[in-house]
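1. Pasting a predicted model and its sequence here:
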Protein chains: 2
Amino acid sequence: MTVLETQGFLPHIAFDSVIFGFSKGKLKILLMEYHDTGWLALPGGFVRKEEDLDEAAKRGLKERTGLDNIYLEQFYTFGNMARFKPEVMQTILEANGFFLDPDHWMLDRFISVSYFALINFEKVILTPDELSDSIAWYEIDSLPKLILDHNAIVAKALQTLRENLERKLIGGNLLPERFTMNELQQVYEAIFGEKIRRTTFQRKMLGLDILERHEKLYTGKSHKAPYLYSFKKV
Amino acid sequence: MTVLETQGFLPHIAFDSVIFGFSKGKLKILLMEYHDTGWLALPGGFVRKEEDLDEAAKRGLKERTGLDNIYLEQFYTFGNMARFKPEVMQTILEANGFFLDPDHWMLDRFISVSYFALINFEKVILTPDELSDSIAWYEIDSLPKLILDHNAIVAKALQTLRENLERKLIGGNLLPERFTMNELQQVYEAIFGEKIRRTTFQRKMLGLDILERHEKLYTGKSHKAPYLYSFKKV
DNA sequence: GTTCTATTGTAACATATTGAGACAATAATA
DNA sequence: TATTATTGTCTCAATATGTTACAATAGAAC
């Protein structure tokens, strides 16, 4: 199956995913680099005619990262005319050797239903799609220029993530099963983009009664070893 | 122009609006009753081929309420297969004397980009669309059964409104330009569905430094007259 | 006018939450 | 054994919020 099949997908509707990961103290997202053009874009795709919208997003996530069962949240649908630039998709396709009719469905106007995902960086197996050379991690606070309105999509995703983090306890989705308090704090600091007071953070997290304390983690460093924590199962 | 024109609209994409108003201490939304069927639905519409998605929602709002310049926020896009029930739209259209080809675009699968609006109840001039008998206010906490997934759309709208109210100061959009502290409190109570302590609410609102105090409102009641307030202009 | 009632605006105090610093515990190293 | 960096927890101060109290009034009843 190729992306060029005319049957099977809903026209005018796409999805894009802002996939967040956390590594070495930095918040990162996945970007794809299209063949020959050097253009960067969010991973995305189209919706099958008999497929739930959410299922399409999950399928796309699975195809790029190999991961199932991911924290995935729809946050906004982008549908301005300004994002309709058929020459962009045309250039990408031509760089891959596809020369389409100007009224081909893939060159039509699309609205993009956008999702963000929080994943455990360590578990990802990255796989580019058939139009791109690579898929790789990019630091959220030094992103390059992306195609179309994808920079705006990332900005909105980050804004939504920040707002949600205050209400839901989703930060742990970016970490391995067991983590230290310091690692959890670094996740919060990376998302909010500012330092957090250590003692206040620790007291609040423990007070929420959502963490389970496990054995200590001996790293070989010459100081007191921190406890490992996991989120309590519901 | 009729809804049946085949040109001009993007297929598969609709919008629905949860339009909130506040009157007599109750939070209400606008619903349309389709001709002959008695079926109730959210006001909505389709997106023109060269129209911004947001503009389409604003246009729909203007058509039903006569209002421009409304607080309008996109909150979710519903796109599950479960909401694809062509017989519903077919019945509505037939009740209006339209008998369509089974592959007419209006009987196709749609995803619905959903918006909620906050409007000043007093200023609305209601106008049904061409398929419905009436458009009217219904209390949010005693809603009847709506078509398709529209009850779920309303539930999500209300949830988003509650979450946003804690972060943004949007409650005033449901009131006239000038209002008493008690009226503002009633808006908050209606949205959250619970009583709020008067003195705490007053202290917090005044402390936010967003209200301007005006003259007193003499209602003729035999007690101290409350001040009128408005939101400070930015 | 005087008294009464309902409601408003604000003060006062109690309680809870958060900010900020201090300090003992401890895992390796010198 | 002393030293260093980091962790876990405690304490006290500063804010914020919950709760009660009370004076100020706009009319109505008399």
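-> Yep, that arrived.
2. C-alpha from now on. contacts and neighbour counts both.
-> Will do.
3. can I assume residue A:28 is in contact with residue A:18?
-> No. Using C-alpha atoms under 8 Å, residue A:28 makes no contact with residue A:18, being 9.7 Å away.
4. Look at the two and report which has more neighbours.
-> Neighbour count, other C-alpha atoms under 10 Å in any protein chain shown: between residue A:28 and residue A:18, residue A:18 has more, with 27 against 24.
5. Nearest residue to residue A:213 in space, ignoring adjacent ones along the chain?
-> Spatially, and ignoring its direct neighbours in sequence, residue A:213 is nearest to residue A:229 (4.6 Å; C-alpha to C-alpha, 6 or more residues apart in numbering or on different chains).
6. can you pull the contacts of that neighbour?
-> Neighbouring residues of residue A:229 by C-alpha atoms under 8 Å, 6 or more residues apart in numbering or on different chains: A:178, A:179, A:180, A:181, A:211, A:212, A:213, A:214.
7. same thing but at 7 Å, please
-> A:178, A:179, A:180, A:211, A:212, A:213, A:214 (C-alpha atoms under 7 Å, 6 or more residues apart in numbering or on different chains).
8. so who does residue A:21 touch?
-> A:27, A:28, A:29, A:118, A:119, A:120, A:121, A:174.
9. tally of neighbours for the nearest residue to the fifth one once chain neighbours are set aside?
-> For residue A:119, ignoring the flanking residues on the chain, the nearest one in space by C-alpha to C-alpha, 6+ apart is residue A:174 at 5.1 Å. Neighbourhood size, residue A:174 [other C-alpha under 10 Å]: 21.
10. Residue A:174 reaches residue A:19, doesn't it?
-> No. With contact defined as C-alpha atoms under 7 Å, residue A:174 does not reach residue A:19; the gap is 10.4 Å.
11. Among the contacts of residue A:21, the buried ones, what's the PyMOL command?
-> Per 16 or more other C-alpha atoms under 10 Å in any protein chain shown, the buried members of the contacts of residue A:21 correspond to this PyMOL selection:
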select buried, chain A and resi 27+28+29+118+119+120+121+174
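12. sorry, back to before: pull out the buried members of the contacts of residue A:229.
-> For those, buried by 16+ other C-alpha under 10 Å: A:178, A:179, A:180, A:211, A:213.
13. will you turn these into CSV that also has secondary structure and pLDDT?
-> Below are the buried ones among the contacts of residue A:229 laid out as CSV (DSSP: H, G, I helix; E, B strand; the rest coil; pLDDT from 0 to 100):
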residue, secondary structure, pLDDT
A:178, coil, 96
A:179, strand, 97
A:180, strand, 96
A:211, strand, 95
A:213, strand, 95
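14. quick check, nearest of those to DNA strand D?
-> Among those, residue A:180 lies closest to DNA strand D (C-alpha to the nearest atom of the strand), at 6.9 Å.
15. Please name the bridge partners of that closest one.
-> Residue A:180 forms beta bridges with residue A:228, as assigned by DSSP bridges.
16. my read is residue A:33 is in a strand, agree?
-> Yes. Residue A:33 forms part of a strand when assessed by DSSP: H, G, I helix; E, B strand; the rest coil.
17. measure it to residue A:178 for me?
-> Applying C-alpha to C-alpha, to the nearest Å, the value for residue A:33 to residue A:178 is 33 Å.
18. next one: residue A:58
-> Using C-alpha to C-alpha, residue A:58 is found at 25 Å from residue A:178.
19. Next: residue A:88.
-> Remark: distance between residue A:88 and residue A:178 (C-alpha to C-alpha) = 43 Å.
20. what pLDDT does residue A:1 get?
-> At residue A:1, the pLDDT value in this model is 46.
21. Which parts of chain A are helices?
-> A:53-65, A:86-95, A:150-167, A:181-192, A:198-207 (DSSP state H).
22. Mean pLDDT, distance to residue B:151 and mean neighbour count added to these, as CSV?
-> As requested, those are exported to CSV (pLDDT from 0 to 100; distance: least, C-alpha to C-alpha, whole Å; neighbours: other C-alpha atoms under 10 Å in any protein chain shown):
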stretch, mean pLDDT, distance to residue B:151, mean neighbour count
helix A:53-65, 97, 19, 20
helix A:86-95, 94, 37, 16
helix A:150-167, 95, 24, 17
helix A:181-192, 96, 34, 19
helix A:198-207, 96, 36, 12
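23. among these, which is nearest residue B:185?
-> Shortest distance between residue B:185 and those, using C-alpha to C-alpha, is found for helix A:150-167: 23.0 Å.
24. Alongside DNA strand C, which residues does chain A contribute?
-> Proximity of chain A to DNA strand C, by C-alpha under 7 Å from any atom of the strand, involves residues A:197, A:199, A:200, A:204, A:218, A:219, A:220, A:221, A:222, A:223, A:224, A:225.
25. Residue B:99: which of these is nearest?
-> Looking across these and measuring by C-alpha to C-alpha, the closest to residue B:99 is residue A:204, at 62.2 Å.
26. average model confidence for the longest strand seen in chain A?
-> Counting by DSSP state E, the longest strand found in chain A is strand A:9-23. Regarding strand A:9-23, the rounded mean pLDDT is 97.
27. Alongside DNA strand D, which residues does chain A contribute?
-> So far as C-alpha under 7 Å from any atom of the strand goes, chain A lies against DNA strand D at A:180-182, A:199, A:202-203, A:222-228.
28. right, and the pair among these with maximum separation?
-> A:203 and A:222 (24.5 Å).
29. Could you break chain A into its assigned domains?
-> Following automatic domain parsing, chain A resolves into domains at A:9-171, A:175-231.
30. need those in TSV with distance to residue B:92, can you?
-> Listed next are the domains of chain A as TSV, based on distance: least, C-alpha to C-alpha, whole Å:
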stretch	distance to residue B:92
domain A:9-171	23
domain A:175-231	48
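31. what about the ones you listed, which gets the closest to residue B:165?
-> Among the domains of chain A, the nearest to residue B:165 by C-alpha to C-alpha is domain A:9-171 (12.4 Å).
32. Between the two ends of the closest one, how far is it?
-> Span of domain A:9-171 from end to end, C-alpha to C-alpha: 34 Å.
33. Centre of the chain to it, how far?
-> 7 Å (C-alpha atoms, centre = their mean, to the nearest Å).
34. Could you tell me how many residues sit around residue A:208?
-> 9.
35. On the pLDDT front, check it for me.
-> So residue A:208 comes in at 93 (pLDDT).
36. measure it to residue A:232 for me?
-> 11 Å.
37. on that earlier part again, of the contacts of residue A:229, closest to residue B:98?
-> Residue B:98 has its nearest neighbour among the contacts of residue A:229 in residue A:211, at 59.8 Å by C-alpha to C-alpha.
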